[in-house]
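A.B. asks: One predicted model, sequence on top.
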Amino acid sequence: MTPSTDSIDPYPPNVGIVFRGTELDPQKISTLLGLDPESSFKKGSQRNDGKKWPHGFWMFSSSGRVQSSEFMTHLLWLVEQIEPAKTKIIKLLKEENIDGEINCFWIMPSSQETLVFDPDLLKRIAELEIRVELSIYSPDNKK
């Protein structure tokens, strides 16, 4: 028997900033942002499948750091963490051949939800000059 969507426990949103690049040095990113990543590796690091990574990677997210089921709480928290390094992020993306994004993951509590973005928050995100990726799922996909 399949449980109804009402019986599915809410899955907390996760919002993070991700950087990738062939010349990415994770320690440099950590130093620039003043943040410790939850995951990072250099180009050439060993993967679990025995192959080597063709690029470097650095990720910092709200997972385990923000205790809220509200998507906007996670997004605002991330912006507050990275905003002090805004000019460094812009320089990194434009001058160092590094790709970056704010990555947002959310399984909605019900099959119909509304996200309302505050104009001030959108302006703050736009001033970071980084793209935003939203992955939003219906609770029906969680089964």
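C.D. replies: Nice, I can see it. Please read all numbers here as calculations on a predicted model, not as lab measurements.
A.B. asks: going forward, measure contacts and count neighbours with C-alpha atoms only.
C.D. replies: Fine.
A.B. asks: Now do the same for the residue minimising distance to the centre of the chain: its pLDDT.
C.D. replies: Central residue of the chain (CA atoms, centre = their mean): residue 16, 1.9 Å from the mean position. For residue 16, the pLDDT comes out at 98.
A.B. asks: Now do the residue nearest to it when sequence neighbours are not counted against residue 97, distance only.
C.D. replies: Spatial nearest neighbour of residue 16, chain neighbours left out: residue 61 (3.7 Å); criterion: CA to CA, 6 or more residues apart in numbering. Residue 61 sits 22 Å away from residue 97, taking CA to CA, to the nearest Å as the criterion.
A.B. asks: neighbour-wise, which of those two wins?
C.D. replies: Counted by other CA atoms under 10 Å, residue 61 and residue 97 do not tie: residue 61 has more neighbours, with 23 against 14.
A.B. asks: Please look at the more buried one and residue 39 and confirm they touch.
C.D. replies: No - between residue 61 and residue 39 there is no contact under CA atoms under 8 Å: 9.4 Å.
A.B. asks: confidence score at the residue nearest to residue 16?
C.D. replies: Per-residue confidence (pLDDT) for residue 61: 97.
A.B. asks: Which strands border the stretch of helix or strand residue 40 belongs to, and is each parallel or antiparallel?
C.D. replies: Element membership for residue 40 (DSSP states H and E) is strand 39-41. In the sheet, strand 39-41 lines up against strand 56-61 (antiparallel) (DSSP bridges).
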